[in-house]
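Enquirer: fold the following and give me the result.
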Amino acid sequence: MALAEFFGFDEHGTDLTTEVLAGLTTFLTMSYIVIVNPGILSNAIQIEGYSQVETIQMLAVVTIISAAVATLVMALYANRPFGQAPGLGLNAFFAFTVVLTLGIPWQTALAAVVVEGILFILLTAVGARKYLIEAFPEPVKFAVGSGIGAFLAIIGLQEMNIVVNSDATLITLGPIASDPVATLSVLGLFLTFALYVAGVRGAIILGILLTTALGYGAEFLGMVSEGTLTSGIPAPQYDITPVLGAFIEGFEFVEPFSFALIVFTFFFVDFFDTAGTLTGVGQVAGFLDEDGDLPEIEKPLMADAVGTTVGGILGTSTVTTYIESATGVEEGGRTGMTALVVALLFLVSLAFVPIAAAIPLYASHIALVVVAVVMLSNITDIEWDNITHTVPAGLTVLIMPFTFNIGYGIAAGIISYPIVKVAAGEAADVRPAQWGLAAAFVVYFYVQTSGVLQAVV
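Expert: All right, here's what the predicted structure looks like:
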């Protein structure tokens, strides 16, 4: 069989049936991104002449195509069973920090994604992964995932009206008993958690769909007025020309310093999230060598880099490898055939794009909270009994949600690392590159908080 020979089924101890089932499992567990990514990005990407509903459909198409392209590269070039799509966390950073907080045009934010992708391609091609990993403090790398989780959680809880603004305490518990959106969000959230804990395949997407169905049902039965919980199914919209290639226009508004910082943040989170995911899922699959490294990791890293570049050109935020790929690996997926099935299923989902726009944002943001809770488990990798790790890791995790900025969290951790190492008499542990990064981020904080950046943007 041609497929068996191309993907090496015998070599990996698998067969076509196993690979197809593994691909289906991976797709079900990560397909929520088709609904969630457009909902997040549509907060920032607003196109004249198009409604938010039309924009959401447009971004759903872009999300699907970028996921399919990246996963196809993973399948046919890297021959690994990993699914890829625009990542949670960086899409929120793109929308809420870069565009809505810093006021940078969304086209310029896309330009930063494309530049980050090209940079990723070049560094992967020359084999610079080892040097990049060594340049960043270990506690910061381990803390980023949990910090992003906390960042996602507050975004999701706010959209669900479970957490609301407060003049006295900044944020507080929303009117859950009296607000239909908050009430249904709580029910949907716990329903999704129950499905997830029970090991139901596709628990997150199923929870989102069931929550949406409850909203439509409540309106149909007259429990709430029409339009309170739903937005209706729109006419199909597949035209992506308003966002396709928009990054080119974005270069007209580039301010070098701020642009470089945005590119750096995109690259840092993308690179270490992908490297960590590949290693973690590779361990489950038994791919790691005796040193704990994934052989030929440059190939899946290249798939990620190509996906990010293509995604930015099409009109979406950074593409990354999904930890949900572990579900397919646990089902026996061992080759690129698993990824090929995932890519094909993404393309099939193009037929359901209008449904993505019919999902209320409060329902789609259930995924953010569920994923956020799961991401907090990464915190156990930190050496909490080592104070020189506790301080930078703790700052990284705390600063992200409290400042609504992933970049600030990374910067705080990197700056604090050499300081606490020197104070503990362990200055020899700090590499020259880490001192350089810390100094650069001191400048970063000064520029971001002194008003200089806003003055030149």
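Enquirer: assign Thr172 to helix, strand or coil.
Expert: Look at Thr172: counting by DSSP: H, G, I helix; E, B strand; the rest coil, its state is strand.
Enquirer: give the buried residues for stretch 335-349.
Expert: 335-346, 349 (16 or more other CB atoms under 10 Å). C-beta here means a position set from N, CA and C on the backbone, and glycine is covered the same way.
Enquirer: what about it, distance to the chain center?
Expert: 19 Å (CA atoms, centre = their mean, to the nearest Å).
Enquirer: list the contacts of that stretch.
Expert: The contact list for stretch 335-349 (CB atoms under 8 Å, 6 or more residues apart in numbering) reads 3, 7-9, 12, 14, 16, 19-20, 22-24, 26-27, 30-31, 34, 64, 67-69, 71-72, 74-76, 78-83, 85, 328-329.
Enquirer: among the residues you listed, name the ones in helices.
Expert: Among the contacts of stretch 335-349, the members falling in helices are 3, 7, 9, 12, 16, 19-20, 22-24, 26-27, 30, 34, 64, 67-69, 71-72, 328-329 (criterion: DSSP state H).
Enquirer: buried subset of these?
Expert: So, by 16+ other CB under 10 Å, the buried ones in these are 7, 9, 12, 19-20, 22-24, 26-27, 30, 34, 64, 67-69, 71-72, 328-329.
Enquirer: which non-adjacent residue is nearest Gly117?
Expert: Spatial nearest neighbour of Gly117, chain neighbours left out: Thr309 (3.2 Å); criterion: CB to CB, 6 or more residues apart in numbering.
Enquirer: pLDDT below threshold where in this protein?
Expert: For the chain, the stretches with pLDDT under 70 are 1, 130, 292, 448, 451-457.
Enquirer: show me where the stretch 251-400 of the chain has helices.
Expert: Ranges of helices in the stretch 251-400 of the chain, per DSSP state H, counting those that start in this stretch, are 256-285, 298-314, 325-330, 336-348, 353-358, 361-364, 366-375, 387-403.
Enquirer: first to last residue in stretch 322-340, what's the distance?
Expert: 15 Å (CA to CA, to the nearest Å).
Enquirer: dump the buried residues of stretch 335-349 to TSV, plus distance to Tyr444.
Expert: Formatted as TSV, the buried residues of stretch 335-349 follow (distance: CB to CB, whole Å):
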residue	distance to Tyr444
Thr335	42
Gly336	39
Met337	44
Thr338	40
Ala339	37
Leu340	41
Val341	42
Val342	37
Ala343	37
Leu344	42
Leu345	41
Phe346	36
Ser349	39
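Enquirer: what's around Leu314, how many residues?
Expert: 24 (other CB atoms under 10 Å).
Enquirer: any idea how far it is from Phe96?
Expert: 21 Å (CB to CB, to the nearest Å).
Enquirer: do the same with Ile171
Expert: 15 Å.
Enquirer: again, but for Tyr77
Expert: Applying CB to CB, the value for Tyr77 to Phe96 is 33 Å.
Enquirer: who has more neighbours out of the two?
Expert: Of the pair Tyr77 and Phe96, Phe96 is the one with more neighbours under other CB under 10 Å, namely 19 against 14.
Enquirer: now for the closest residue to that one other than its chain neighbours: which residues touch it?
Expert: Excluding the flanking residues, the one nearest Phe96 by CB to CB, 6+ apart is Phe404, at 6.2 Å. Residues in contact with Phe404 (CB under 8 Å, 6+ apart) are 96-97, 101, 151, 154.
Enquirer: again, 10 Å this time
Expert: Going by CB atoms under 10 Å, 6 or more residues apart in numbering, Phe404 touches 92-93, 96-97, 100-101, 151, 154-155.
Enquirer: show me the contacts for Val114.
Expert: Applying CB under 10 Å, 6+ apart, the residues contacting Val114 are 245, 247-248, 250-251, 263, 308-313.
Enquirer: let's go with 7 Å and repeat that
Expert: Residues near Val114 by CB atoms under 7 Å, 6 or more residues apart in numbering: 247, 309, 312-313.
Enquirer: what of Thr230?
Expert: Taking CB under 7 Å, 6+ apart as the test, what Thr230 contacts is 215-216, 219, 360.
Enquirer: and what of Thr71?
Expert: 83-84, 339, 342-343, 346.
Enquirer: over to Arg334?
Expert: For Arg334, the contact set (CB under 7 Å, 6+ apart) comprises 12-14, 81, 285.
Enquirer: most surrounded residue in those?
Expert: Among these, Pro81 has the most neighbours (other CB under 10 Å), with 34 neighbours.
Enquirer: gap between it and Ala440?
Expert: Distance, Pro81 to Ala440, by CB to CB: 38 Å.
Enquirer: could you do Ala275 as well?
Expert: Separation of Ala275 from Ala440 (CB to CB): 21 Å.
Enquirer: ok, back up a step: which pair in the contacts of Arg334 spans the largest distance?
Expert: Within these, Gly13 and Pro81 form the most distant pair, 12.8 Å apart (CB to CB).
Enquirer: one step back: report the buried members of the contacts of Thr230.
Expert: Buried by 16+ other CB under 10 Å: 215, 219, 360, out of the contacts of Thr230.
Enquirer: what helix or strand does the second one sit in?
Expert: Think Glu219. Glu219 belongs to helix 203-220 when elements are defined using DSSP states H and E.
Enquirer: which other residues reach that helix?
Expert: Applying CB under 7 Å, 6+ apart, the contact partners of helix 203-220 are 28, 31-32, 35, 184, 188, 191-192, 195-196, 200, 224, 226, 228-230, 359-360, 363-364, 366-367, 370.
Enquirer: quick check on the residues you listed: which are buried?
Expert: Among those, the ones that count as buried (16+ other CB under 10 Å) are 28, 31-32, 35, 184, 188, 191-192, 195-196, 224, 229-230, 359-360, 363-364, 366-367, 370.
Enquirer: would you turn the contacts of Thr230 into a markdown table with distance to Ala303?
Expert: As requested, these are arranged in a markdown table below (distance: CB to CB, whole Å):
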| residue | distance to Ala303 |
| --- | --- |
| Gly215 | 37 |
| Tyr216 | 38 |
| Glu219 | 43 |
| Pro360 | 33 |
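Enquirer: which of the residues you listed sits closest to Ile118?
Expert: So of these, ranked by how close each gets to Ile118 (CB to CB), first place is Pro360, at 36.5 Å.
Enquirer: ok, the residue nearest to Gly117 - contacts?
Expert: Neighbouring residues of Thr309 by CB under 7 Å, 6+ apart: 114, 117-118, 121.
Enquirer: what's the burial count for the nearest residue to Phe264 once chain neighbours are set aside?
Expert: Once flanking residues are discounted, Phe264 sits nearest to Gly407: 7.8 Å by CB to CB, 6+ apart. Neighbour count for Gly407, taken as other CB under 10 Å: 25.
Enquirer: Gly407 against Thr265, yeah?
Expert: Yes. Between Gly407 and Thr265 there is a contact at 4.0 Å, judged by CB atoms under 7 Å.
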